[in-house]
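> Give me the fold of what follows.
(2 chains)
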Amino acid sequence: MSFRERLQSWRYNLVPDHVVGEILTKRWTDNAIPFLALVATLGVFGSLIPGFFKLTALQDSTRQLGEFSLLVTGMTVVMLGGGIDLSVGSIFALSCFSAVYVFFILEQSVWLALAASIATGLLFGAINGYLIGYFRLRAFLTTLVTFIFGRALFDILVTSYAADVQLSSATSDVLDFIGDGTFWGLSAAVWAAIILAVVTHIALTRSRPGWHVLAVGGSRRSAHNAGIRVRRTVFMTYVFSGFCASLGGFLIACRLSGAGPGTGLNLEIMALTAAVVGGVSLGGGRGSVVKGLMGAIIVLTMTNGLIRMGYGTGTNQMVLGIMLAVAVTIDIRWLKNRDKVLNEVYVAPVYLKMGATQSAAAGSGTPYELDNRLSAADHIGLGELEGPEDVILDRDGHLYCGTRHGEIVRFFAPDYVSSEVFAHIGGFPLGLAFDKSGNLISCVGAMGLYSVSPQREVKRLSAETSRSWTSIVDDARLRDPNDIDIAPDGRIYFTDSTKRYDAHDWALDSIENRATGRLLVYDPKDGSTRTLLDGYRYTNGVCMAHDGKSLFFAESWACRVHRYWLEGPKAGTAECVIRDMPGYPDNINRASDGNYWMAWLGMRTPSFDLSLRHPDMRKRMTRRLPQDEWLFPNINTGGVVKFNEKGGIVEAMGDLSSAAHPMVTSMREHKGYLFVGGILNNRIGRYKIPGADPNWTSSASYWGAKP
Amino acid sequence: MNAIGWPNWRSLNQEGIVFAIAVVLFAAAAIGLPGFIDPNNLVAIVRSVSVLGILALGMAVVIIGRGIDLSAVAIMAMSVAWYLQLLNSGTPDGLAFAYVLAGVIAIGLLNGFLVAYADVPAIFVTLATGSFVFGYVRSQLISQDAVPVPQGHWVELLGGLRFLDIPVEVFIFAGLAFVFFLFLRFTKWGRYVYFAGDNPVAARNIGIPVRPMLVLRYVLSAFVALVAGLLTAASLHSINTRIVNSTLLYDIVLVAVIGGIGLSGGRGGVRNVLVGAALIGILLNAMTIIDIPLLYQNLIKAAILLGAIIVDGFINPRDEQTAQQGDI
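Residues are numbered from 1 along each chain as shown, chains lettered A, B, ... in the order given. Purely as a prediction, here's the structure:
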């Protein structure tokens, strides 16, 4: 190994690049930035301001936070629906005034004041909602204007009635309690904020109107096409925001027992900044109440903290401006580029030096030498089938295969001309096996392990295994269950080829070449699934040895076959029995003469082998070239190989014309014939094996002669 | 519109309607309000809308290019406040002006860069930079809300300058309006503003440098704001930074929108600004003569702006095909 290659192998095999991509797939990364900002803000101001965390100080700031959170919750809902509400500040102020007017000047009860407050908020929210929802005006400018309008109105009202409020002698214990009291240590404002946040959160995530809001924000047109009443939904978000603002206004009216010219000033930009800083996306659809609340805490802590630290007029606006600009920019760039970044960094190739191999070329004289025998195979279902990855025959000789359309098709013996859809699965059935009682067990791509009874009842056996402690992507899920075989005791052994890619992205997995394939076992007795082996490069075919004491499994991208011991002194361990083959192995099945058939889905090429030693090159390739121009394993030539119990190669056959069976993913021997399937083929081949036992069947070999 | 620019009554549009309203209002005020038709009052009207009109010119160019500049008033007040503060603390005039000019252009560049290259909606960018500019200058660079013009400084002299008994800012407004008219109507880049505003994607596809020009528009708007600020300081002999929190910003948008410059971009021109400014000037003057309190004037202006935006929404409906995600 040259020094360059050693460096490459260290760089690409020891540095866990793939972790970055896996973290980015997580939804919680959206929350991580605001959360870290929250912790940092609290930490900085908590340490800079003495007594920041003292109960009395907290009581005061949480009261304010409660009122503010109400506004932010309303703003969050509006923004989730794809709008924006800048009038919250003036709605807040006007609602505050309504409450003050009803209570101090009309001298009515607190509850009537609350009602007046809410009515004001609902009215203004409805005006906004009507203009934006039904008239489809621009949210930003419209609410800006209603904000000016409301503010002007408030200024007039406050100057006209300020003296009367001062002179009023109305008092109320309820008002004082709401303004100053605490219940279980928390003020009314905090309780109101918590209750509203919880209710809103549940409504957004678990109720129809909430989903409608998110749908409208996510894509207005799609929502409309899905039959959602877009305009009404938008309208309701503004009404809700008005309601939230009015609650806040009522609370501050109780707290301050009055309304002044400063009430609600700058609140709109604060609430907007809070929502955006918390991670609620502009343009809608992404965000949550919790994010809004995180933003509210950050913004309020910062602005209050700066005031308490004695910075002068204007500092707040400066900080708000910076926070808003930075948060909006991050939000826009992140939303726009997240998928791009993810695509860029997800593929993280590793270094691998493949061992030298023997030639499989015709006339090379090696045991792997491919001939043209398979081109003489009869065809079954030509043109009807798409993608028979695996083929299997039942006790009565009927032929089954999966198709790309998510079905299991049955061809009837003896001539295999007529067929029917045996069962509809929904996913792409790959490996197939019959258990003792005649159930057809299948590995369904990206779905899991399924069982189809002779009465065609489809049942899911397993879709997940236990999760490993160090994984970042959810490796409990079966992403690419591939082949399957059943032990004499009924346990089902199967492979899951990769943890990092879905089944249809197998080419990416081959380019990355990271060893994440697994061998798993499903126990029908208790329904459990366990991981037996992990860390192989695309585990593929599985086959129980003839004596049932061990099984063979193929490791495709490493071109190896391993033997896993179920019993005996080596139970639970695997050993490599065939290494450095010239082809990529796929399914393995029993042969009538005590040997094993193995399919080759494709052949190694010197160019791809070389590229495996250049992970940097493959990384650049996936980033810069279109997919059609990628270099990945050759799948235009495959074959069928027979090997013995010890791993020695007995014979190999292929279709050098590439007309009938260019790639082979499975083969099954039955009564002297070999049935050949290929995942990208449009037929099943039937090849008469010279000298094979004409009475041998797979089902008899596994489960004994027909009773 | 016909060639000489007078409204053609058969094809009524917003500009025509607004112009007609302005004429009717003018006539009504001339008849009904004592002292309205007085030449001094007429000069006062024009003078009162000069600064507003200049700011609206900058805003108009930005809006035609499908943007908006909410930082205009902050830039106007704060740049001049900083300039005067520098002068009062003894910085040489040339250096102080260079600082301020650099700062103004920097803010314009920042606005333009974030809008053009980071794809952030203009409304948020300029809202944030406006807040930042006000906060930064107020908290870091100046010590009081109002900063006076130093005795005998050219800004003070500018305020007293008159030709034919008409204050100089009227001429500056007229001159700037003419320059903007030439720019928008007869220069290549001026026409590009319309293309970019009408359909940015198509404009980009045919090879117009849409993004650099976006930046240019915000720099232009910032520069115009500085000019307006200097004129304000000239006529008042000081600059009060509280103007940032007033409704001046919305008056600017009001002038542009009410004159018929569609907020969806690509439509309108200098004439629309003049018509809008005329109506607002007459309206404000009439309200002042009738002695409507300032607070009520704000309410009335807000109501008019709301009406203008609703009308604009009907005349220039949003184009879902070219609207961007997050364009709210």
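
> so where do the helices sit in chain B?
For chain B, the helices defined by DSSP state H cover B:14-32, B:39-64, B:72-88, B:93-116, B:122-136, B:154-160, B:168-186, B:188-198, B:200-205, B:210-236, B:248-258, B:270-290, B:294-315.

> possible to save those helices as a markdown table with mean pLDDT?
What follows is these, written out as a markdown table (pLDDT from 0 to 100):
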| stretch | mean pLDDT |
| --- | --- |
| helix B:14-32 | 79 |
| helix B:39-64 | 85 |
| helix B:72-88 | 87 |
| helix B:93-116 | 89 |
| helix B:122-136 | 87 |
| helix B:154-160 | 72 |
| helix B:168-186 | 87 |
| helix B:188-198 | 85 |
| helix B:200-205 | 84 |
| helix B:210-236 | 88 |
| helix B:248-258 | 81 |
| helix B:270-290 | 84 |
| helix B:294-315 | 80 |
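
> check contacts around the closest residue to residue B:254 other than its chain neighbours.
Once flanking residues are discounted, residue B:254 sits nearest to residue B:305: 4.6 Å by CB to CB, 6 or more residues apart in numbering or on different chains. All C-beta atoms are positioned from the backbone trio N, CA, C, and that covers glycine. Residue B:305 makes contact with A:145, A:148, B:250, B:253-254, B:257-258, according to CB atoms under 8 Å, 6 or more residues apart in numbering or on different chains.

> Select the longest helix from chain A.
helix A:315-346.

> how about the residues of the stretch 601-707 of chain A near chain B?
Contacts of the stretch 601-707 of chain A with chain B, taken as CB under 8 Å from any CB of the partner chain, are absent.

> Taking helix A:315-346 as reference, get the angle to the helix or strand encompassing residue A:304.
Element membership of residue A:304 [criterion: DSSP states H and E] is helix A:289-308. Interaxial angle of helix A:289-308 relative to helix A:315-346 (axes from the mean of the first three to the mean of the last three CA atoms, to 10 degrees): 140 degrees.

> Show me what helix A:289-308 packs onto, helices and strands only.
In terms of contacts (3 or more CB pairs under 8 Å, 6 or more residues apart in numbering or on different chains; DSSP states H and E), helix A:289-308 is packed against helix A:29-48, helix A:55-80, helix A:188-206, helix A:267-278, helix A:315-346.

> Off-centre distance for stretch B:203-212?
26 Å (CA atoms, centre = their mean, to the nearest Å).

> Spatially nearest residue to residue 250 (excluding sequence neighbours)?
Since no chain was named, I'll use chain A. Once flanking residues are discounted, residue A:250 sits nearest to residue A:117: 4.0 Å by CB to CB, 6+ apart.

> Chain B was what I was after
residue A:148 (5.4 Å).

> Quick check: pLDDT value at that neighbour.
pLDDT for residue A:148: 84.

> give the contact list for it.
Residue A:148 is in contact with A:90, B:247, B:250, B:298, B:301-302, B:305, counting by CB under 8 Å, 6+ apart.

> between these, which has the most around it?
The most crowded member of those is residue A:90, carrying 28 neighbours; neighbours defined as other CB atoms under 10 Å in any protein chain shown.

> interface residues of the stretch 151-300 of chain B facing chain A?
B:247, B:250, B:253, B:263, B:295-296, B:298-299.

> Appreciated, that's everything.
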